[in-house]
Structures are given as structure tokens and as C-alpha cells.
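Q: could you work out the structure for the sequence below:
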Amino acid sequence: QVQLVESGGRLVQAGGSLRLSCAASGRTFSTYTMGWFRQAPGKERENVATINWSSAFTYYHDSVKGRFTISRDNAKNTLYLQMNSLKPEDTAVYYCAQYSSPYTYIRNETYPFDAWGQGTQVTVSS
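A: Numbering: from 1, shown residues only. The predicted model follows:
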């Protein structure tokens, strides 16, 4: 079965940086679109960034453009999220997610994600 395990979340001061990692197993990682989501207390989960299987296409939420970078290492079955210039409003649980079908990427849609990690907490202090 699919397993997605996030790591790298911690407490950081505003303006700082973090890199989240997601180790994937169970499907052929190199053929699946991957994404990062976050959910803050009392708020809906939002799609932060998405990357297709070949890294040819990426998507970023407007609130993180220019600060966050999504990347993947298909040889290591690992997804990354480099977060720079962190703000208190970035505080949330961050989740890794994987599409349900290989070789598929649909712009601006989140319904194709069907597998989720357990999340890692990112807290940004002011």
C-alpha cells in the first residue's frame, strides 16, 4: 500500500527557512504527480504546491509564490518543499499527497490526490 512519511517540521522564527521531506513507497514514485498541502487550526486544507512526475510542471498557491519551492528526487522516492522567508501565517500541519493515477497532471485541481501522509507541524514564531 502507499506510504507517505513527512519530516522536517519544527518551530522556526519568522524570516527563517525549513525544508520538508516526504518519503514515498508503494507506487512507482517517478510516475506520479505529488503535492504539498497545509491545514491551520480552524481553516480548510489548502494546496500549497504541486509537481508533476517529471518536474516539468509546478503549481504554487499565491501566498507562497517566490518563497517556497517544490522539488522531487525520483531516484530517492522523495518529495521536498523548501520554505524560505517564513511568516507566522505559514504555521500549519503540512501534508504530502500523491495522485491516484500515474502520468496524470490536471492544472488547478486537487481531486486527483488520493493518498496522504500523517503530516508534520510547522510553527513560525513572530
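Q: give me the contact list for the helix or strand where Thr123 lies.
A: Using DSSP states H and E, Thr123 sits within strand 120-125. If you take CB atoms under 8 Å, 6 or more residues apart in numbering as the criterion, strand 120-125 is touched by 6-14, 16, 18, 20, 38, 83, 86-94. The C-beta positions use only the backbone N, C-alpha and C, and glycine is treated the same way.
Q: which members of the residues you listed are classed as buried?
A: Among the contacts of strand 120-125, the ones that count as buried by 16 or more other CB atoms under 10 Å are 6, 8-9, 12, 18, 20, 38, 83, 86, 90-94.
Q: what about this protein, any weak spots by pLDDT?
A: Within the chain, no stretch has pLDDT under 70.
Q: show me where it has strands.
A: With DSSP state E as the criterion, the chain has strands at 3-7, 11-13, 18-25, 34-39, 46-51, 58-60, 68-73, 78-83, 92-99, 113-116, 120-125.
Q: what is the second one packed up against?
A: Contact analysis of strand 11-13 by 3 or more CB pairs under 8 Å, 6 or more residues apart in numbering; DSSP states H and E lists strand 120-125 as its packing neighbours.
Q: okay, now the sheet partners of the strand it packs on, with direction.
A: If you go by DSSP bridges, strand 120-125 pairs up with strand 11-13 (parallel), strand 92-99 (antiparallel).
Q: would a markdown table of the ones you listed with distance to Asn52 be doable?
A: As requested, those are arranged in a markdown table below (distance: least, CB to CB, whole Å):
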| stretch | distance to Asn52 |
| --- | --- |
| strand 11-13 | 29 |
| strand 92-99 | 9 |
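Q: figure out which of those is closest to Lys43.
A: strand 92-99 (7.8 Å; CB to CB).
Q: how deep is the residue nearest to Leu86 when sequence neighbours are not counted tucked in, by neighbour count?
A: Setting aside the residues directly before and after it, Leu86 is nearest to Val124 in space (CB to CB, 6 or more residues apart in numbering), at 4.6 Å. For Val124, the neighbour count with other CB atoms under 10 Å is 19.
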